[in-house]
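# could you work out the structure for the sequence below:
(chains A, B, C and D, ligands or ions: 6)
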Amino acid sequence: MAHTSVSIALTGSGGAGVMTAGQSLLDAAAKAGFYGLMGRTLGPQIRGGESAALLRLGTHPVQGTDDGYDIIVAFDWGNFARFHDEMPLNPGSVVIADPHNGAVPDVLAPSNPHVVMVPFHDLAKGIQGGRVNMVGLGLIAALIGLDQAFLIERLSRQLAGKGAEALAASKAGLEAGAGAAAAITGVAPLSAPDPARGERWSLTGNEAAGLGAIQGGVRFCAAYPITPATDVLEWLAPNLPKVGGMLVQCEDELASINMLLGASFGGTPSVTATSGPGLALMTESLGLAVASETPLVVVNVQRGGPSTGIPTKSEQSDLNIAVHGLHGDAPHVVTAPLSIGDCLFTTQWSVYLAESLQTPVIVLSDQVLGQSRAIIDRPADIAFIGRRRVPETLDASYRRYELTADGISPMALPGMEGASYTAEGLEHNPFGHPSTQTNFHEEQLAKRRRKVEGFDYGDPWAMTAGDPDADIVVLTWGSSTEPAREAMERVRAEGRRVRLVAARLIAPVPVDRLTAALEGARHVVVVEQNHSGQYCNLLRAHMDLPGTVHPLHRPGPLPLRPGEIVDHLRGL
Amino acid sequence: MAHTSVSIALTGSGGAGVMTAGQSLLDAAAKAGFYGLMGRTLGPQIRGGESAALLRLGTHPVQGTDDGYDIIVAFDWGNFARFHDEMPLNPGSVVIADPHNGAVPDVLAPSNPHVVMVPFHDLAKGIQGGRVNMVGLGLIAALIGLDQAFLIERLSRQLAGKGAEALAASKAGLEAGAGAAAAITGVAPLSAPDPARGERWSLTGNEAAGLGAIQGGVRFCAAYPITPATDVLEWLAPNLPKVGGMLVQCEDELASINMLLGASFGGTPSVTATSGPGLALMTESLGLAVASETPLVVVNVQRGGPSTGIPTKSEQSDLNIAVHGLHGDAPHVVTAPLSIGDCLFTTQWSVYLAESLQTPVIVLSDQVLGQSRAIIDRPADIAFIGRRRVPETLDASYRRYELTADGISPMALPGMEGASYTAEGLEHNPFGHPSTQTNFHEEQLAKRRRKVEGFDYGDPWAMTAGDPDADIVVLTWGSSTEPAREAMERVRAEGRRVRLVAARLIAPVPVDRLTAALEGARHVVVVEQNHSGQYCNLLRAHMDLPGTVHPLHRPGPLPLRPGEIVDHLRGL
Amino acid sequence: MDVPLEETPVYKVKSYKSDLKPIWCPGCGDFSVLSAIMRALTELQLPPHQVSLVSGIGCSSRLPAYSTLYGFHSVHGRALPVASGLKLSRPDLTVLAVGGDGDGFSIGGNHFIHACRRNVDMTYIVMDNSVYGMTKGQASPTTDPEWPGSKLTPDGPGVAAFKPLEMALSAGATFIARAFSGDPLEVARQICEGIQHPGFSFVHVLSPCVTYRPEQKTWRERVHEGFPEPTDDRREAFLRLLDDDAFSTGILYKGRTGAFQPHAEATTRAVALGDQFVI
Amino acid sequence: MDVPLEETPVYKVKSYKSDLKPIWCPGCGDFSVLSAIMRALTELQLPPHQVSLVSGIGCSSRLPAYSTLYGFHSVHGRALPVASGLKLSRPDLTVLAVGGDGDGFSIGGNHFIHACRRNVDMTYIVMDNSVYGMTKGQASPTTDPEWPGSKLTPDGPGVAAFKPLEMALSAGATFIARAFSGDPLEVARQICEGIQHPGFSFVHVLSPCVTYRPEQKTWRERVHEGFPEPTDDRREAFLRLLDDDAFSTGILYKGRTGAFQPHAEATTRAVALGDQFVI
Ligand SMILES: Cc1ncc(C[n+]2csc(CCOP(=O)(O)OP(=O)(O)O)c2C)c(N)n1
Ligand SMILES: Cc1ncc(C[n+]2csc(CCOP(=O)(O)OP(=O)(O)O)c2C)c(N)n1
Ligand code: SF4
Ligand code: SF4
Ligand SMILES: [Mg+2]
Ligand SMILES: [Mg+2]
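Ligands and ions are numbered 1, 2, ... in the order given. A predicted model of the protein is given here:
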């Protein structure tokens, strides 16, 4: 029986080239018409050391990891024990290892996999310039039924310029691998991909966020590198200039957030990307963005916390600081992308929200969204483009912080003639003049709250799926969505009715919309990847959730897996 | 009929000397055996400009402001309109003004006060070296029945060294004022103070916090000045050296919080004081204190927010950042002093908690507690002294982050021989070695949460008062306590049964204790001074409050007044 | 000054002045700096709406609201990055940053040295009074180590004073000047030249705090024209500073420089950027 | 080196070495710095438990855990205040701070200049590889403006390189030295002298990143003994730096100094402090 999705891990130390192999496999599979996903895991060594490419390929869009891996190809066992828990096995999995590296590690025994020995190193040695990773690739392609031609095409492009021998060696490696595969039985190939497919993209969540920012109108970025957000910046750096924008590397995050304030004050939509420690350094100035009503977007690619924590692994534990990390009463907007591909939509929408509301927006992405690469259908065009309300006329009566009905006040931009104003972090009257008077403080606090709470966020506030009238609701945010969606589908396949509500808008808590979306729920299962159930607590603070609430959360570094959620849903 | 409390405002611009006069009045009243309270309000001018001394004197302890002022003495009207709302009048109030300054401002008209004209400036001019503030003092003393001898004693000490003429001039001023008072009727004097009184102290909340820190064991402070926290530091600076400690002025708050980490790592209990903007800059390193389990105390003297906000006025709006402002899952402790005098107890207790739990503790004081001066009974001795758990023996088996039952692990200090460790902000195993392994992350997250959530905080967690079985509960934190307590007493005097629960322990939310304290409540009125009801939301997130919840909150800058709370309670 | 005044100037000093009354103490040095800025802008006939003035927090940082320029009163220590972001994204504007010695050299010290390196085309005017005025009189980096006037450091800060000009030069600034606020014409002249200099210009203004450092009234006697002509030689500039008594005024150094300004010219439509992801 | 080795030293290099395996790339310059620190401590026979080693975040900042000293691996850029707080409150300890060029000169730049001024008695060792190693190769303050090697600044950072020694000198440091990690004996010598110097000692170590700056292998040829003897004259030190090609090694400057150490001697019982509030 053919499969609609297969999960494959390639692991090895140092020079084994697992990442290149994984990337080639993903690309080739994409060319062949499959969807797919690839993540990476690395040991603590800065360079070399153990590493693994974690792939999932499918005939349908796959943007979340499966419960386990169907195929593990181990060129060696390096410090496998250190991250074996990132590579659980599925029932019936096959582990393919080099006999020279000794026995399969004990940690794999409980899963009782089918172990096959393939002398990768010997096979590679037998080829002039041969490499183990090519042997592995050939083997995998054969096992899953991926036409080698797609791999060869990919390798030809990649090795162009390296001479004919290099390509020949790779081809020979693939062949050798395919040969070794012949002896392996019991691995079902992938079903054929949909032939009527449209354009597809290959991108990471961090690249998608970068593109979303630019499409939303961003033309300025100032930033300080930090894992796992750096690739947002590294994508923006060469791309912003193409659209007339720029990226500036700063001395620290205090500088980057404040450069954004300056650029945005000048009328240029602006973004930065960071992670927990950097976000913490930005909160004082985010408060200034709130008080001075200066729009900007911070893409916070979450990693394991607290403190330096686990920089290279994912977690959804920065919700608290994103929502509540500013001093004083400082209403602003927090959003979260629901998948790798959705990093594009959510970031673009966030630029639109920031510009429309003249407020800072924090986008809560995370390492697993940001650094995994997915094959997705070409994203639909997104209507949301940042537009700032500017004054129609500018004269002495101009009030920068005018008390409008919707709380949004026209913002004059430097260069506009007729009046001016001073953007102010002190409490102020509608002109922006500092004042400690009670009435001004109350009016401005109310105005700033009104504009973000009263805004019509429209349909993008959440994504819903499943059975609209089901009494079990799985409620997710950000990266907990894909595993929960898959879990829901599995449970629905068992005949249960379940619906999914995946929130893109985290703050302000969209109480009315959530209430409507949860209507009729008897069980609300709130799924998130952190230790204290931050989203569940946020919701509880602001509304009464219907029925019984089931907080389902645990910290990283392991990704949430559909199976854990299925187990919970079955128990309801 | 004599009063048990009287509220007096002295207002004037520039050289009128209202602050000196207010201070002298408070001191003299204290010597005479009264209790009292004095706050200050200042216009925007850095120096000079309008200002007012706001006093309340009583026969019983008064640590909160009354609804309004019984006596306003205005040497001039300066920019009175700018802060008239800080000086509401009581029914039957008398406003005493200098006729040369023109009519009483219109803003006072609605309160329909009894207006008396006293030519302060002429009276002062008639005296060689005479000053209006002395005339005012003499007048007030006569009106409230304060023996002038106490004022003279105070002035003699103050003017010692300034020559006999200065004192003579002051005395003549007092006399002139007393003379003018004779013509004023309708102001009831204060009742006689309790003759059996014990030792009393005169101090501000900021001084009390400084003393509490030192008594709790603090011997190191590193800080950066910020209003309204600077006076904590200015008190500590000369006092720490007396007990073998020191204060270091830093380049910024990033430096101060990290100097604290270093000093505390070395075994020295440490404190800093700041306000919202500074706290925001400290959150990244507070996360390091959580992860590395390094005790320290931050006294955050809240001011109006967000951003630079209203630096000189009070608000309770930093609860969110204090509780949730750290990235990742970062459990720590947040406390709040309940009154000016309680700044001593709560800060000392917080040092004890920090040291016992090896965790950062944020103390949420505020401007009105910190910068008001009160006459209080000598505080009882406080049993809580910071003691850190250190290893009994130190050898190669030493694990800094050992998984103990209570989550608290013995902390070796530099200089101890036999083993060592590296304090770590990366996730780590029990030895403190960095690790990304799931089990270590989960164990350490759980341990850090367990130690703060499982700790027995004992009775200090809250102060309770009123009728223990009342079904109306007024729930407060920090500076909302005194006005609420007074409101409760007034409503009880009307025959209703009410109880007060005033939380000193804000986070972790003491769910069990709160549940017990609220048992039987049908109405829970949560009183706080901010725009969004931050404490109420925090509680809702963590527990189901019994009965109907009434959030009663509004922002600063005006202090909460008993009357507003009474109105609400009457409506239940 | 090499900018000829137009015959009938369009902008007068009062074109740059707002109605807001400064909160400063009578006699504060910052009043003169405010008027010097306006004088410089008048001199250069810069339209007020094309000039932007960014500050941090402190007495001196209150300055923007007293002008009719587009102002940004940001947070403590962050004027320079705000100004840099503005200028980089809006090179058409004239951007000034102003603030105090605490704002610029203490909490903002890192931005100061990196702004000197980065060399964005803007002018930074520090009103140095060797004290934190706004928070009522604590030592700043430029305070004498022995100064006993602050309750926070009753025995004096005990730390060697920060040398703003040396720091700026070491950090790579290409325009460095010092003036005394009591000589607003000189302040204005330096600001004019700073604005015209292509790159980061640092104008260090000794601006007395009459309230917390009344002894600074003697500054008038202490200042002297120490740098009559700017040098364009870094070595020479260092040598001058090694002999500086901290009261030499004038333009110390004007280096040859290309300002930092990343090229930004649209060649692609935003939506077309997605093409790079097509398989 | 003017510290005589004891006849039978109590502490050997391995007394200072922990079992943890460094995560550094094979060939990384930081290995030599680690052993140089241990060598210096052996030289001085300092008991490991009386030495503390504080770092920030970066490849180089991983160093403390590889020692048996009391270590603090703090957050990015904050090693110096952590170390200062420790030393001030525990003057009995020997305190070292270590980290990278990004940690020390970029995000930590403000603490660096203020530590130079404050002159707390500790030694700061920066492993400068002109790159952010830990985050996979971005430009640091000491990177050449033209370096095209980072995706974040594909056209080069475009900003003049930070001059650590000049900055330290301007900021008031009283011990300034530079060494090459390929000469661990010299690194150790400088650290020894730095530890013995009463005040803040800055040791700038050129420590190649073989992974992101493989061209730094040529550093070995470029370094030269530029400062054979320390001077105690600031002017002379500046003059030396003006001729420096950034590869001169040796101890540049040793100023006369009293370290900053507030007096702390208990004369009162804590509870007695309340007496001042008695009416
Ligand atoms: C983060 C932060 N820390 C501290 C403060 C308090 N603060 C306001 S102004 C100031 C110093 C002002 O000194 P300076 O920059 O020299 O300006 P001056 O008032 O002397 O003109 C301080 C410490 C603040 N507003 N924000
Ligand atoms: C607040 C914060 N911002 C950014 C980072 C990401 N980060 C970690 S190390 C580093 C730079 C390291 O460079 P350097 O200090 O030169 O050390 P090296 O790795 O080169 O030894 C950065 C930017 C962080 N950990 N924290
Ligand atoms: S306190 Fe000093 S700096 Fe501030 S306004 Fe007054 S004189 Fe000027
Ligand atoms: S990346 Fe560079 S600095 Fe980091 S360990 Fe490797 S060689 Fe050393
Ligand atoms: Mg100043
Ligand atoms: Mg480096």
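
# excluding sequence neighbours, find me the nearest residue to residue C:109.
Nearest residue to residue C:109, sequence neighbours excluded (Cβ to Cβ, 6 or more residues apart in numbering or on different chains): residue D:110, at 4.2 Å. (Glycine included, C-beta is placed from N, CA and C.)

# what residues are up against the one you found?
By Cβ atoms under 8 Å, 6 or more residues apart in numbering or on different chains, the residues touching residue D:110 are B:251, B:252, B:254, B:255, C:107, C:109, C:110.

# element containing residue A:445, please.
helix A:438-453 (DSSP states H and E).

# ok so, going back, report the buried members of the contacts of residue D:110.
Restricting those to buried positions leaves B:251, B:252, B:254, B:255, C:107, C:109, C:110, with burial counted as 16 or more other Cβ atoms under 10 Å in any protein chain shown.

# in strands, which of these fall?
When DSSP state E is applied, these are split such that none fall in strands.

# centre of the chain to whichever helix in chain C runs longest, how far?
Determined from DSSP state H, the single longest helix within chain C is helix C:30-44. Computed by Cα atoms, centre = their mean, to the nearest Å, the chain-centroid distance of helix C:30-44 equals 12 Å.

# do stretch C:40-58 as well
12 Å.

# residue A:518: what's it in contact with?
Contacts of residue A:518 by Cβ under 8 Å, 6+ apart are A:473, A:475, A:501, A:524, A:545, A:546.

# give me that answer again for 10 Å
Shown in contact with residue A:518 (Cβ atoms under 10 Å, 6 or more residues apart in numbering or on different chains): A:473, A:475, A:499, A:501, A:524, A:539, A:543, A:545, A:546, A:547.

# next, see if the helix holding residue A:445 gets close to chain B.
Yes: residues of helix A:438-453 contacting chain B under Cβ under 10 Å from any Cβ of the partner chain: A:438, A:439, A:440, A:441, A:442, A:444, A:445, A:446, A:448, A:449.

# please apply the same query to stretch A:71-90.
Yes: residues of stretch A:71-90 are located near chain B by Cβ under 10 Å from any Cβ, namely A:81, A:82, A:83, A:84, A:85, A:86.

# name the residues of that stretch that are buried.
In stretch A:71-90, counting by 16+ other Cβ under 10 Å, buried: A:71-78, A:80, A:82-84, A:86-90.

# looking at those, which are in helices?
A:80, A:82, A:83.

# chain neighbours aside, what residue packs nearest to the first one?
Using Cβ to Cβ, 6+ apart and skipping the chain neighbours, the partner closest in space to residue A:80 is residue A:105 (5.1 Å).

# how many other residues sit next to the one you found?
When neighbours are defined as other Cβ atoms under 10 Å in any protein chain shown, residue A:105 has 16 of them.

# just the one 10 residues further on next, same as before
The burial metric for residue A:115, expressed as a neighbour count using other Cβ under 10 Å, is 15.

# find me the pLDDT at the residue in chain C positioned nearest to ligand 2, would you?
Nearest residue of chain C to ligand 2 (Cβ to the nearest ligand atom) works out as residue C:110 at 12.8 Å. Reported pLDDT at residue C:110 in the predicted model: 98.

# returning to that earlier point: could I get the contacting residues of the residue nearest to residue A:80?
A:74, A:77, A:79, A:80, A:81, A:84, A:95, A:97.

# and the third one, what pLDDT?
The predicted local confidence for residue A:79 comes out at a pLDDT of 80.

# give me the nearest residue to it, chain neighbours excluded.
Nearest to residue A:79 is residue A:50, by Cβ to Cβ, 6+ apart, at 4.7 Å.

# for the nearest residue to residue C:162 once chain neighbours are set aside, give me the pLDDT.
Excluding the flanking residues, the one nearest residue C:162 by Cβ to Cβ, 6+ apart is residue C:141, at 3.5 Å. You'll see residue C:141 listed with a pLDDT of 98.

# equivalent analysis for the one 5 residues further on, please.
pLDDT for residue C:146: 96.

# number of nearby residues for the residue in the stretch 51-200 of chain C that ligand 6 sits nearest to?
Distances between the stretch 51-200 of chain C and ligand 6 by Cβ to the ion are smallest at residue C:114, namely 16.2 Å. Neighbour count of residue C:114, defined by other Cβ under 10 Å: 25.

# hang on, it is in a helix, isn't it?
Yes: judged by DSSP: H, G, I helix; E, B strand; the rest coil, residue C:114 forms part of a helix.

# dump the residue contacts of it.
A:250-252, A:255, C:80-81, C:84, C:171-172, D:105-106, D:109-110, D:141, D:159, D:162.

# ok, residue A:92 next?
A:70, A:112, A:113, A:114, A:186, A:187, A:188.

# want to throw the residues you listed into JSON lines with distance to chain D, pLDDT and neighbour count?
Shown next, in JSON lines, are the contacts of residue A:92 (distance: Cβ to the nearest Cβ, whole Å; pLDDT from 0 to 100; neighbours: other Cβ atoms under 10 Å in any protein chain shown):
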{"residue": "A:70", "distance to chain D": "31", "pLDDT": "96", "neighbour count": "23"}
{"residue": "A:112", "distance to chain D": "33", "pLDDT": "89", "neighbour count": "11"}
{"residue": "A:113", "distance to chain D": "30", "pLDDT": "91", "neighbour count": "22"}
{"residue": "A:114", "distance to chain D": "34", "pLDDT": "93", "neighbour count": "14"}
{"residue": "A:186", "distance to chain D": "39", "pLDDT": "82", "neighbour count": "10"}
{"residue": "A:187", "distance to chain D": "35", "pLDDT": "86", "neighbour count": "21"}
{"residue": "A:188", "distance to chain D": "38", "pLDDT": "85", "neighbour count": "14"}
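
# appreciated, that's everything.
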